[in-house]
Structure formats: C-alpha cells, structure tokens
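J.: give me the fold of what follows.
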Amino acid sequence: SSLSLQILFYANGIYYIFYFLATLAMIVYKSQVYSYPDSFLAPDLALLFIMAFLEALRLYLGSKGNLTEEEAPLGLSLVLTVGSALLCVYFLLWQTYVLKADVILSAILLFTYGLESVLDIVAIAAFVS
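T.: Presented below is the predicted three-dimensional model:
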C-alpha cells in the first residue's frame, strides 16, 4: 500500500470536515446578510450534504482499497473524486454568492483532489503490476 496516499486520505478527511463546517457556516451567514433567494438556499445546502456523503464514501473506498491493495475500490474512489471535484467547482464558481473564503477553501480542496488522483493512479498501477 502507499503510505503517502494513506496520509493524504487521512489529511483530506480532516480538511473536509473543516471545509464542510466552514461552507455551511458561510451559507448561513450569506442567507442572513445578503438577500439570498429562498429558491437557491435549499439546492446549495442539498449539494453540500450530497458532497459530504460522496466524500465519506470516496475516502472510505480509497483508504480500504489502498490498505488491501485492491484496484476496484481505489478505482471507484477515483471516479467519486470526479463527482466531488465537480461539486467543489460548483461551490468555487457557481453557488449563489461566492466569498473570497469560498474561493480559498475550494481551491485547497481541488488541489488535494488533484494530488490524490495522481497518487491513486500510481497506486493502482503498482497494484496491477
């Protein structure tokens, strides 16, 4: 198994908890301070919770696949990374109001997704060989 990938899964899990709580707090803040349309509040919250579910599943499968040196869970984790990255881009660019803090938090998360994807591919290639 890849130690660096496992460390990154762990660090990303910790960071995602911070990301989720900070994004949730910012959505609440924006709904109180700005004229946040009610028709956009529910979808933003729903997407954040969908992202949390995907992230938990992604990290579980990635960690399990890495520790057991199985390609299938790691590959599925890689596919889920694409979905999580798309949702992260939504919070980076397309949500109703985007604050500078949203940009910074999402950019860090996208960077870790990219690094994790590269290490996922390297680990899958090593396990297949």
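J.: quick check: which element contains the residue nearest the centre of the chain?
T.: Residue closest to the mean C-alpha point of the chain, counted by Cα atoms, centre = their mean, is Ser84 at 4.7 Å. Here Ser84, judged by DSSP states H and E, is contained in helix 71-89.
J.: what's the first helix or strand after that helix?
T.: Using DSSP H and E, the helix or strand that follows helix 71-89 in sequence is helix 100-128.
J.: for that next one, packing partners?
T.: The contact analysis (3 or more Cβ pairs under 8 Å, 6 or more residues apart in numbering; DSSP states H and E) places helix 100-128 against helix 3-33, helix 38-68, helix 71-89. Just so you know, the C-beta spots here come from the backbone N, C-alpha and C atoms, and that holds for glycine as well.
J.: just to revisit the earlier point, ok, now which ones touch the residue nearest to the centre of the chain?
T.: Met51, Leu54, Glu55, Arg58, Tyr113 (Cβ atoms under 8 Å, 6 or more residues apart in numbering).
J.: hmm, which of those residues are the buried ones?
T.: Met51, Leu54, Glu55, Arg58, Tyr113 (16 or more other Cβ atoms under 10 Å).
J.: from memory the third one sits against Tyr16, does it?
T.: The one in question is Glu55. Yes: assessed by Cβ atoms under 8 Å, Glu55 is found in contact with Tyr16 at 5.1 Å.
J.: related to what we said a few turns ago, for Ser77, see how far away the closest residue to the residue nearest to the centre of the chain other than its chain neighbours is.
T.: In space, and not counting its chain neighbours, Ser84 is closest to Leu54: 5.1 Å by Cβ to Cβ, 6 or more residues apart in numbering. As judged by Cβ to Cβ, to the nearest Å, Leu54 and Ser77 stand 10 Å apart.
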